[in-house]
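S.K.: Next comes the sequence, and after it the predicted model I'd like to discuss.
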Amino acid sequence: MLNKYPMWKNLMVIFIIVIGAFYASPNLSGEDHAVQVAANRGAKVTVSVQARINELLAEKGIGVIRSELANEQVLVRIKNPEQQLQAKEVIAEALGEQFTVALNLAPATPEWLAALGGAPMKLGLDLRGGVHFLMEVDMGEAVRKMEDSKVSEFRSQLRLEKIRYSGVRITPRGIEIKFRNSDALEQAERFLKRKDPDMVFTDVSTDTQPLLLAKMNEVYLKKVKEDALAQNMTTIRSRVNQLGVAEPVVQRQGAERIIVELPGVQDTARAKEILGATASIELHMVDQNADIENALKGRVPATSILHKRRNGQPVVLKKKIILTGNHITDAQPSFDQNGRPEVSITLDSKGGNKFSAATKVNIGKPMATLFIEYKDSDKRNPDGTVKMKKTEEVISVATIQQQLGHRFVINGLNQPEAQELALLLRAGALIAPVTIVEERTIGPSLGAENIENGLQAMIWGMAIVLVFMLIYYRAFGVIANLALSFNLIMVVGVMSMIPGAVLTLPGIAGMVLTVGMAVDGNVLIYERIREELRAGRSVQQAIHEGYGNAFSTIADANITTFLTALILFSVGTGAIKGFAVTLMIGIATSMFTAIVGTRAIVNAIWGGKRVKKLSI
């Protein structure tokens, strides 16, 4: 019998539409104004902290919807934005610097719906508001680190070749290598030029001192800076993702700058802490021959440096770095056999080989873990950029019991410190410090205005299409309008289901475009049905042929548009990606509703019946 769907196909259509509506429904719940409390290094968010926060807010008469403790953070939902600001000030003043208090917007999705995976769409910076940063990479520090690495390489290479030198040091003009005589200099120059083509070696000897100057050539210097920028971008993106900021935009600007956009974040201090806290580790051998008393008076051996442990106890370390955090591929908080917190470290192959070789020759000697952190000092350089403050402390000293390989542990931490260190190391260490040269906060009110304008455009556009279809195609126009409504619901549902999908202002434009494209498929089908009716076909044959003949045309048009959107998504950034995502989803859902959805409704009303005339 023509134009009759089997029961399973009708149930499938209903099921897909219901699922789309279910996942779209959290977007009707809106958002609560909230205050988020997280612990800084050395502190911990506990039930008692949550209770104290609740008591403080009750004393001040601030209306609380509910307070939640999850993922070692307290999220307090406040009744209105005015009290949200007041709550932030009260909590921050009471808890002090051990905790970070930030403004937030929390989805007001019912708990039963959230338990089933329902969540609203993530909104981009232009719709939700958020923080925009322009960050500058300290290329001087990146070059200095590479020069430090070259100094160690030169020393090792010259020792292996048994070329006698008297010193290697970094100077403003490059790396100077001192030799005892000119023969050793000539031998070293020939060897190093062959061994290290990325460096330019120049004889700058004086009358009394044979000197060889090593400088990076222009190509290699450019590569070092490019690598520093690329690695910092990867690290920042990874770090923000692991800290829970949804869909950040991290992109390059020029040769030394990075743009970072954090949708939904309204507290710039919290955002700066997330991005500016540059944490890494260095492993050094302890200088057992150094005199601590003399070191405290400033008399430290030339090959060593004085540091302090977190309890204030001084310790002298060898300057030579055994290993840096750049070789860390994974870091996880764990507990030792006595239940004490530690961080389990996994190294890459190069780092593992270096660490294995270093520990092999130092069994029985103490090795220290130096924790290094760069933070915003709230001071400015003469050029207006933020001055970063470098803090270093020895977090553990352990005796090497055996040769170690690609895995080892760091102890001497409490549990919150172990978790934070593991997170930062896992996200990666910035190869060079970054400074924030520009910051801009886009308020929620501007985002709300953008949403309202976008919705107005969509509503008016859809209203015009609905009226046109109703007038021009009558009963079939009603079916097309139903399909169009289902299509929008499904787009919103799919956008809400995909974890990485973010709705931006251009994304709303993509949804408006989808409205036109969705109804276009119905227009093609309906015109084919009209042609078949004019050709003298029966109603059932006209419906069957109309859907069958229009399918290939609709498919060809939509596939080519989908491929274009896919290319836009692949090569585009930011707003272009947002447009491409909604367009691709809209094309897929419109194909379903225009062809399968409307066919199911038409079949249910007219299929298999003796009908002499269609309202089309």
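M.R.: Okay, I see it.

S.K.: now the end-to-end length of stretch 104-121.
M.R.: With Cα to Cα, to the nearest Å as the measure, stretch 104-121 spans 16 Å from end to end.

S.K.: oh, I was asking about stretch 55-65
M.R.: Stretch 55-65 has an end-to-end distance of 14 Å (criterion: Cα to Cα).

S.K.: what residues does it touch?
M.R.: Residues outside stretch 55-65 that contact it (Cβ atoms under 8 Å, 6 or more residues apart in numbering): 32, 54, 76-80, 83, 86-87, 90-91, 94. The way it works is simple: take the backbone N, C-alpha and C, and place the C-beta from them, glycine included.

S.K.: Would you map out the domains in the chain?
M.R.: Domain ranges of the chain: 7-26+443-606, 31-107, 140-220, 277-441, per automatic domain parsing.

S.K.: Leu563: which of the contacts of stretch 55-65 is nearest?
M.R.: Asp32 (40.9 Å; Cβ to Cβ).

S.K.: wait, what's in contact with that closest one?
M.R.: By Cβ under 8 Å, 6+ apart, the residues touching Asp32 are Ile65, Arg77, Ile78, Leu105, Ala106, Pro107, Ala108.

S.K.: Pull the most distant pair out of these.
M.R.: Pairwise over the contacts of Asp32, using Cβ to Cβ, the maximum falls at Ile78 and Pro107, 14.5 Å.

S.K.: These two - which one has more neighbours?
M.R.: Ile78 (24 against 18; other Cβ atoms under 10 Å).

S.K.: rewinding a little: going through the contacts of Asp32, which ones are buried?
M.R.: Those of the contacts of Asp32 that meet the buried threshold are Arg77, Ile78, Leu105, Ala106, Pro107, Ala108, by 16 or more other Cβ atoms under 10 Å.

S.K.: partner residues bridging the fifth one?
M.R.: When bridges are called by DSSP bridges, Pro107 pairs up with Glu31.

S.K.: mind checking the backbone torsions on Gly254?
M.R.: Per-residue torsions, Gly254: phi 70, psi -160 (degrees, to the nearest 10).

S.K.: so how far is Phe335 from it?
M.R.: According to Cβ to Cβ, to the nearest Å, Gly254 and Phe335 sit 46 Å apart.

S.K.: now swap in Ile595 and tell me
M.R.: Counting by Cβ to Cβ, the gap between Ile595 and Phe335 amounts to 57 Å.

S.K.: ok, back up a step: of all the contacts of Asp32, the one with the weakest confidence?
M.R.: On pLDDT alone, Leu105 ranks lowest of the contacts of Asp32, at 74.

S.K.: Tell me which helix or strand that one sits in.
M.R.: Using DSSP states H and E, Leu105 falls within strand 99-107.

S.K.: now what about whichever helix or strand comes after that strand, what contacts it?
M.R.: Remark: after strand 99-107, the chain's next helix or strand is helix 111-115, criterion DSSP H and E. Helix 111-115 has contacts (Cβ under 8 Å, 6+ apart) with Ser25, Pro26, Ser29, Pro107.

S.K.: Need the worst-confidence member of those.
M.R.: Pro107 (81).

S.K.: Against Gly30, how distant is that residue?
M.R.: Per Cβ to Cβ, Pro107 is found 8 Å from Gly30.

S.K.: Lys122: how many residues sit nearby?
M.R.: The local packing of Lys122 (other Cβ under 10 Å) involves 21 other residues.

S.K.: hang on, I meant Ser166
M.R.: Residues lying near Ser166 (other Cβ under 10 Å) number 12.

S.K.: ok so, going back, which one's more surrounded, Gly254 and Phe335?
M.R.: Neighbour count, other Cβ under 10 Å: between Gly254 and Phe335, Phe335 has more, with 13 against 10.

S.K.: quick revisit: out of the contacts of stretch 55-65, who has the most neighbours?
M.R.: Highest count within these by other Cβ under 10 Å belongs to Val76, 29 neighbours.

S.K.: What pLDDT is listed against that residue?
M.R.: pLDDT, Val76: 89.

S.K.: Can you tell me how far Ala184 is from Ile372?
M.R.: 36 Å.

S.K.: got it, and Pro263?
M.R.: 30 Å.

S.K.: For Val13, which residues are in contact?
M.R.: When contacts are counted by Cβ under 8 Å, 6+ apart, Val13 touches Val596, Gly597, Ala600.

S.K.: Closest one of those to Met495?
M.R.: Nearest to Met495 among the contacts of Val13: Gly597, at 18.6 Å, using Cβ to Cβ.

S.K.: With distance to Ala119 and secondary structure as extra columns, can I get the contacts of stretch 55-65 in TSV?
M.R.: Converted to TSV, these look like this (distance: Cβ to Cβ, whole Å; DSSP: H, G, I helix; E, B strand; the rest coil):
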residue	distance to Ala119	secondary structure
Asp32	14	strand
Asn54	26	helix
Val76	20	strand
Arg77	16	strand
Ile78	21	strand
Lys79	22	coil
Asn80	23	coil
Gln83	25	helix
Gln86	28	helix
Ala87	24	helix
Val90	30	helix
Ile91	26	helix
Ala94	32	helix
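
S.K.: which stretches of the stretch 451-600 of the chain form helices?
M.R.: Assigned by DSSP state H, counting those that start in this stretch, the helices in the stretch 451-600 of the chain fall at 505-534, 539-571, 575-591, 598-606.

S.K.: Following element in sequence after the strand or helix carrying Leu229, please.
M.R.: In this structure, Leu229 is located in helix 218-242 according to DSSP H and E. Scanning forward in sequence from helix 218-242 by DSSP H and E, the next helix or strand is strand 249-253.

S.K.: What pairs with the next helix-or-strand element following that next one, parallel or antiparallel?
M.R.: Beyond strand 249-253 in the direction of the C-terminus, DSSP H and E gives the next helix or strand as strand 257-263. Strand 257-263 has these partner strands in its sheet, going by DSSP bridges: strand 130-137 (antiparallel), strand 249-253 (antiparallel).

S.K.: Which one, of the ones you listed, ends up nearest to Ser485?
M.R.: Of all these, it is strand 130-137 that lies closest to Ser485, at 31.2 Å by Cβ to Cβ.

S.K.: In CSV, could you pull the C-alpha coordinates for that closest one?
M.R.: What follows is strand 130-137, C-alpha atoms only, in CSV (Å, rounded to 0.1, in the frame of the first residue of the first chain):
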residue,chain,number,x,y,z
GLY,A,130,33.4,36.5,30.0
VAL,A,131,37.1,37.6,30.1
HIS,A,132,39.4,38.4,27.2
PHE,A,133,43.1,38.5,27.7
LEU,A,134,46.0,39.4,25.4
MET,A,135,49.1,37.7,26.8
GLU,A,136,52.7,38.3,25.8
VAL,A,137,55.3,35.5,26.0
